[in-house]
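*Asks:* Whatever this is, show me its structure:
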Amino acid sequence: NDIETYLTQLDTQMSAINSSLDEVNGQIEQIETEITDTEEKLAEAEEDVDEQYDSMKLRIQYMYEHNEETYFALLLNSESMGDMLNKAEYITKISEYDRKMLEKFNDTVNFITAAKIKLEQDRETLVVKQEELTDKKSSLELLESTKKNEMASLKKNTQQLLSIQILKIMFYFTEGFYYE
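*Replies:* Numbers count the residues shown, from 1 in each chain. Below is the predicted model:
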């Protein structure tokens, strides 16, 4: 009876570990999916930042090469007050565009930095989860081995008890046979 209880406990522990293994496997799959998604987004962002950088570089180069056409000179060369207001609005739109492009560039750079950090953390988490999975598999194998040994021991003990009972019965019948 004690052995049956012990074997039942082993089965319960093995079942709990199997459930835990399934959970860890699910977590590993989720982390691997997140890593793949992050890598794809990171690759896209790195392409975007390269394009944005090249565009900004061309814009700065153009501004440097055409330095004689400063915004102030552009306003002073206006032919009329209406022309000056139009040029002022144009200058404002160009400045807003430049500022938005710079903000977009900075956002992309910040995203890349954050994505690389997340990727590193996810990879570290993945390693931890894989180690946890290995440990749980080892625990399960140990429990399975223990159960197998207990079952073998129980079978051996049962066979020995059965052999003893058979011998007792045979002895009883042979003793009884000689006395009659």
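
*Asks:* From the contact counts, what lies against the strand or helix carrying I60?
*Replies:* Assigned by DSSP states H and E, I60 belongs to helix 2-65. Secondary-structure packing of helix 2-65 (3 or more CB pairs under 8 Å, 6 or more residues apart in numbering; DSSP states H and E): helix 81-179. Bear in mind the C-beta positions are built from the backbone N, C-alpha and C, glycine included.

*Asks:* helix or strand right after the helix holding I60?
*Replies:* Next along the chain after helix 2-65, taking DSSP H and E as the criterion, comes helix 71-76.

*Asks:* for the worst-scoring helix or strand of the chain on mean pLDDT, which positions count as buried?
*Replies:* In the chain, no helix or strand scores lower on mean pLDDT, DSSP states H and E than helix 71-76, which sits at a mean of 77. Neighbour counts using 16 or more other CB atoms under 10 Å place no residue of helix 71-76 among the buried ones.

*Asks:* Could you do stretch 127-141 as well?
*Replies:* Within stretch 127-141, the residues scored as buried using 16+ other CB under 10 Å are K129, E132, L133, K136, S139, L140.

*Asks:* Now M14: closest residue in space that isn't a chain neighbour?
*Replies:* L143 (5.0 Å; CB to CB, 6 or more residues apart in numbering).

*Asks:* who's in contact with the residue lying closest to N18 once chain neighbours are set aside?
*Replies:* Closest residue in space to N18, ignoring its immediate chain neighbours: L140 at 6.8 Å, by CB to CB, 6+ apart. Taking CB atoms under 8 Å, 6 or more residues apart in numbering, we find L140 in contact with M14, I17, N18, L21.

*Asks:* Looking at those residues, state which has the most neighbours.
*Replies:* Using other CB atoms under 10 Å as the neighbour criterion, I17 leads the contacts of L140 with 19 neighbours.

*Asks:* From S138, how far out is that residue?
*Replies:* Separation of I17 from S138 (CB to CB, to the nearest Å): 10 Å.

*Asks:* same deal with E4?
*Replies:* 26 Å.

*Asks:* And Q130, by the same measure?
*Replies:* Distance, Q130 to S138, by CB to CB: 13 Å.
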